[in-house]
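Undergrad: have a look at this prediction, sequence included:
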Amino acid sequence: MTFNDDLSDPEGWTPPGKIFDGGRWYPQVIGVDASRRETDKLAGRVARFFMRGANNRGGSRWEILFLRPGEAP
């Protein structure tokens, strides 16, 4: 996973960090707050985490929680 506070700044991306061991295909995060119009491009503090499972079907069995450095869950 990588972050950028300003999508117009191509140099602003953080180095990628691993968020999950194992799994199939690539993971995808989808924002869930309809009032903020969250999508796969915008996710808030809590979002759904999708990944293709062993049954070869995509799905979300998890939520993902994003914390700022030093922030407690």
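TA: Okay, I see it. Numbering: from 1, shown residues only.
Undergrad: please count neighbours and contacts with C-alpha atoms only from this point.
TA: Noted.
Undergrad: and the helix or strand harbouring Arg48, what other elements does it pack with?
TA: Using DSSP states H and E, Arg48 sits within strand 46-52. Other helices and strands packing on strand 46-52, by 3 or more Cα pairs under 8 Å, 6 or more residues apart in numbering; DSSP states H and E, are strand 24-31, strand 62-65.
Undergrad: which one of those strands lies nearest to Lys18?
TA: Closest to Lys18 of the helices and strands packed on strand 46-52, according to Cα to Cα: strand 24-31, at 10.7 Å.
Undergrad: what pairs with that closest one, parallel or antiparallel?
TA: Its sheet considered, strand 24-31 pairs with strand 46-52 (antiparallel) by DSSP bridges.
Undergrad: CA atoms of the strand it pairs with as CSV?
TA: What follows is strand 46-52, C-alpha atoms only, in CSV (Å, rounded to 0.1, in the frame of the first residue of the first chain):
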residue,chain,number,x,y,z
VAL,A,46,-12.3,2.4,8.0
ALA,A,47,-12.8,0.6,4.7
ARG,A,48,-13.6,-2.8,3.3
PHE,A,49,-10.7,-5.0,2.2
PHE,A,50,-11.3,-7.3,-0.8
MET,A,51,-9.1,-10.1,-2.0
ARG,A,52,-9.7,-13.2,-4.1
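Undergrad: good, we can wrap up now.
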